[in-house]
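>>> I would like to see how this sequence folds:
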Amino acid sequence: MRWLSVCIALCAFAAESQIEASVRGRERAALTVESADAAGVRVLRDGSEILLPWSAVRELTGDVSAELRGFEAGGEALWRGSSRLDRGDPIAALEPLEQAFDRFKTHDGVTTGEAADALLAARLRLGDAQGGVVPWLVRMEQDDQLPTAPTARRVEIDPVLRLVPELPPIFIGSRVAPRVASELAQDGFGRWSAGPNRKLAEIYATALLLAAGERPPPLPEETDLPGVRLAWAMVEARQPDQMARASARRVLRTELASAQEPWIRAWCHAGIGLSLLLESQRERLAGVGHLLVVPSIYGETQPNLAGICLAESARVLYEAGR
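A predicted model of the protein is given here:
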């Protein structure tokens, strides 16, 4: 009888401690949770274990820890922000997406990749290019860990160059730029995996510091990875050293001559043009010619870059009395 009483008590405890998850959408039945962490919730469905991102989980019931409740709240914010973004309201989507990203960005998993992608999309739609740099790199870190490339993404990243066409390393100076650069450089850029991700983080941090009026050290020349080489040339073409600028412009002219993608051509024209603005008066006017190509030809697909190029052209022509 004592053993029977113990077994009954253990069964009752197990029933109370069992966690169940309800899923967003049409499915109403509660699913048994096998395990859960920052990546998502693993549940049994039709005899198979599947991983649900936190945005797909409506509610957890049972003996749920405070940590899991925090992830559940982050998933709720991610779902709300993504829904608003999909309805065409990036302004209303921004705050919950920032909350979700802050919750998951220091963890690995599908939910982190989803949160980074949604925040990147919202910030690009709002014209906040510098605010999109960290989410872009976090998303690439997460995508690199997946066995197959994810299909449901809002922002296109070139699979070869690993660059976002709407996110060139050219920024408007602001008080936010040094803060983003500092976040990229945490732990000596150690948060980014060695290879193209870390190199791109270093390049974009330098671009942000240049926009803020600082004088970061020159970057080592990159020639082995095409996307890294393009981004490097665009940043080095605006360094204080004249020889470094000339060398980077040669790389950009080579890229321009061979580029097939319109966004790469727009980047090259912008990079060459902004670089020439740092040279003699004659070269400055030639730089304006490159800059004005961007709004005249690529304005619809590169609106943020076109705006920067048009503003810089207007400034130089005004200073030249033209």
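
>>> residue 267 - nearest residue in space that isn't next to it in sequence?
Residue nearest to residue 267 in three dimensions, not counting chain neighbours: residue 168, with 5.0 Å by C-beta to C-beta, 6 or more residues apart in numbering. C-betas here are computed from N, CA, C, even on glycine.

>>> centroid residue for this structure?
The residue lying closest to the centre of the chain (C-alpha atoms, centre = their mean) is residue 136, at 1.5 Å.

>>> mind listing what that residue touches?
116, 120, 155, 157, 164, 167 (C-beta atoms under 8 Å, 6 or more residues apart in numbering).

>>> filter those residues to the buried ones?
116, 120, 155, 157, 164, 167 (16 or more other C-beta atoms under 10 Å).

>>> from those residues, which single one is nearest residue 307?
residue 167 (14.3 Å; C-beta to C-beta).

>>> now stretch 289-296 - C-alpha only, CSV.
The C-alpha coordinates for stretch 289-296 follow below in CSV (Å, rounded to 0.1, in the frame of the first residue of the first chain):
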residue,chain,number,x,y,z
GLY,A,289,29.2,62.7,-61.7
HIS,A,290,29.5,59.3,-60.2
LEU,A,291,27.2,60.2,-57.3
LEU,A,292,24.5,61.5,-59.5
VAL,A,293,24.3,58.2,-61.4
VAL,A,294,22.9,56.6,-58.3
PRO,A,295,19.7,58.7,-57.9
SER,A,296,19.2,59.0,-61.7
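
>>> how much space separates the residue nearest to residue 267 from residue 182?
21 Å (C-beta to C-beta, to the nearest Å).

>>> neighbour count: the two, which is higher?
residue 168 (26 against 12; other C-beta atoms under 10 Å).

>>> ok, that one - contacts?
Counted by C-beta under 8 Å, 6+ apart, residue 168 has contacts 129, 234, 267, 270, 271, 305.

>>> how much space between it and residue 216?
Residue 168 is 17 Å from residue 216, by C-beta to C-beta.

>>> try residue 310
26 Å.

>>> same thing with residue 190?
Taken as C-beta to C-beta, the span from residue 190 to residue 216 is 18 Å.

>>> and what of residue 238?
For residue 238 relative to residue 216 (C-beta to C-beta), the value is 11 Å.

>>> so for these two, which residues contact both of them?
Common neighbours of residue 238 and residue 216 (criterion: C-beta under 8 Å, 6+ apart): residue 210.

>>> who's more crowded, those two?
Remark: of residue 238 and residue 216, residue 238 carries more neighbours, 20 against 17, as counted by other C-beta under 10 Å.

>>> OK, contacts around that one?
Residue 238 neighbours (C-beta under 8 Å, 6+ apart): 210, 245, 271, 274, 275, 278.
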